[in-house]
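Student: coords please:
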Amino acid sequence: MGHTRIEVVDDQDRLLGEVAASPRESVYEALARSAFPPNSTCRGSTICGLCRVTVRESSAPLPEIFPDERALLGDTPPQVRLACRLELPRGAVLRLRLGE
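Tutor: As a prediction, the model looks like this:
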């Protein structure tokens, strides 16, 4: 199985950079140590709801949305997730945009 990584893209889906990640690590944790730190005031503790990312593509099925994540996201489209609650599947390549 390949390496787990995040591809960060802009609004036009142009690649801005890649972030290596550990399997089962949250997107927030991986981004926090990269050149693409997520927006947040709660440091990834699922309180502020600011660390939203838009998943453009995933090479593996994403985990279900947790109830606390759903409460913070409200009626956003299903591809919008909280980086602090989104765990990376082993060997997945996740292409995402920061924000909604």
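
Student: Touching, residue 17 and residue 10? I think so.
Tutor: No. Using C-beta atoms under 8 Å, residue 17 is not in contact with residue 10, being 10.4 Å away. The C-beta positions use only the backbone N, C-alpha and C, and glycine is treated the same way.

Student: any idea where the helices of this structure begin and end?
Tutor: 27-32, 67-73 (DSSP state H).

Student: Any idea which of those helices gets closest to residue 38?
Tutor: Proximity to residue 38 (C-beta to C-beta) singles out helix 27-32 among these, at 4.8 Å.

Student: Just give the number of residues close to residue 68.
Tutor: Neighbours of residue 68 under the rule other C-beta atoms under 10 Å: 14.

Student: For it, give me its contacts.
Tutor: Applying C-beta atoms under 8 Å, 6 or more residues apart in numbering, we find residue 68 in contact with 46, 85.

Student: Distance of it relative to residue 37?
Tutor: Between residue 68 and residue 37 the computed distance is 22 Å (C-beta to C-beta, to the nearest Å).

Student: Could you do residue 78 as well?
Tutor: 25 Å.

Student: Which one's more surrounded, the two?
Tutor: Using other C-beta under 10 Å as the criterion, residue 78 and residue 37 rank with residue 37 on top: 13 against 9.

Student: quick one: contacts for that one?
Tutor: residue 31.

Student: Begin at 17, not 1, for the rest of this chat.
Tutor: Yes, from this point I'll number from 17; that puts the last item at residue 53.

Student: What is the neighbour count of the closest residue to residue 56 other than its chain neighbours?
Tutor: Among residues not flanking residue 56 along the chain, residue 67 sits closest, at 4.6 Å (C-beta to C-beta, 6 or more residues apart in numbering). When counting by other C-beta under 10 Å, one arrives at 28 neighbours for residue 67.

Student: my read: residue 67 touches residue 57, true?
Tutor: No. Using C-beta under 8 Å, residue 67 is not in contact with residue 57, being 9.4 Å away.

Student: For this protein, just list every one of the strands.
Tutor: 21-25, 31-36, 68-74, 96-98, 109-114 (DSSP state E).
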